[in-house]
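**Q** here are the coordinates; sequence isn't available:
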């Protein structure tokens with residue numbers, strides 16, 4: 001009798017362990033896959049929004065009355081600035097695809113980081129021109145015109161040289177985007193967040209390869225992997 005009860009207890013214990021495995025795996029998936037993938041997606045969206053907003057600011061400034069006056073006075077090379085604008089817009093149409101691919105592809109990640117720095121450099125360049133134009137107006141209003149013409153001329157000559165250098169760097173990004181296979185208009189598909197943390201769904205955040213890489217980086221050995229289920233061994237276990 002004791003043996004039968006003990007056997008039943010063991011079977012019940014094993015049954016409970018087996019029944020708890022799906023919940024354990026779902027919890028594991030949530031903390032080690034869904035949350036990191038959400039963070040990566042959020043950071044990618046922030047980076048994309050930053051570059052897009054900076055490019056839009058650049059285009060708006062070029063079209064502003066202040067810059068139109070500078071073009072009219074031949075202080076700035078209008079053709080050069082328009083080329084900069086066109087090049088930035090050409091790059092902006094592949095941002096979605098680049099942000100999606102940079103999660104798995106280091107070359108795309110480096111390309112995007114370098115592009116971000118150069119786009120911010122373009123914004124800084126226009127800010128410097130804005131500041132100098134305002135300073136010149138103030139000095140002219142105060143009658144400080146001595147040696148002002150030469151200073152202004154030297155400044156805008158330097159700005160034109162810097163814009164040319166920046167344009168050459170951005171044109172290199174245009175050439176590299178094709179080599180990296182970046183496509184125009186490829187949109188980021190962001191999954192809607194779950195209302196509860198442990199509801200099983202066939203599709204979760206990120207691609208299968210991303211999930212597998214995330215688990216392996218954290219020391220888990222992936223035994224089997226599909227869109228429906230995930231089998232792993234904990235660190236230290238023999239597979």
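**A** Looks like it arrived, so ask away. Values in this document were obtained by computation on a predicted structure and should not be read as measured data. Residues are numbered from 1 along each chain as shown.
**Q** Any regions of this protein where pLDDT drops low?
**A** Applying pLDDT under 70 to the chain flags residues 1-48, 140-148, 186-239.
**Q** So which elements touch the helix or strand hosting residue 88?
**A** Assigned by DSSP states H and E, residue 88 belongs to helix 78-92. Secondary-structure packing of helix 78-92 (3 or more C-beta pairs under 8 Å, 6 or more residues apart in numbering; DSSP states H and E): helix 35-62, helix 65-72, helix 106-141, helix 148-179. Yep, even glycine has a C-beta here, placed from its N, CA and C like the rest.
**Q** can you do 6 Å?
**A** In terms of contact count using 3 or more C-beta pairs under 6 Å, 6 or more residues apart in numbering; DSSP states H and E, helix 78-92 is assigned the packing partners helix 35-62, helix 148-179.
**Q** in the longest one, what counts as buried?
**A** For helix 148-179, the buried set under the neighbour-count rule, 16 or more other C-beta atoms under 10 Å, comprises 152, 155-156, 159, 162-163, 166-167, 170, 173, 176-177.
**Q** now for that helix, which elements pack on it?
**A** helix 78-92, helix 106-141.
**Q** Export the ones you listed to CSV and append columns for distance to residue 98 and mean neighbour count.
**A** Listed next are the helices and strands packed on helix 148-179 as CSV, based on distance: least, C-beta to C-beta, whole Å; neighbours: other C-beta atoms under 10 Å:
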stretch, distance to residue 98, mean neighbour count
helix 78-92, 9, 17
helix 106-141, 5, 16
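**Q** For residue 97, see how far away residue 79 is.
**A** Per C-beta to C-beta, to the nearest Å, residue 79 is found 30 Å from residue 97.
**Q** and residue 167, what does it touch?
**A** Shown in contact with residue 167 (C-beta atoms under 6 Å, 6 or more residues apart in numbering): 83-84.
**Q** er, residue 76 actually
**A** Here residue 76 is in contact with residue 70 (C-beta under 6 Å, 6+ apart).
**Q** go on, residue 71?
**A** For residue 71, counting by C-beta under 6 Å, 6+ apart, the contacting residues are residue 78.
**Q** quick one, domains of the protein?
**A** Listed by automatic domain parsing, the domain ranges of the chain are 2-38+192-233, 39-179.
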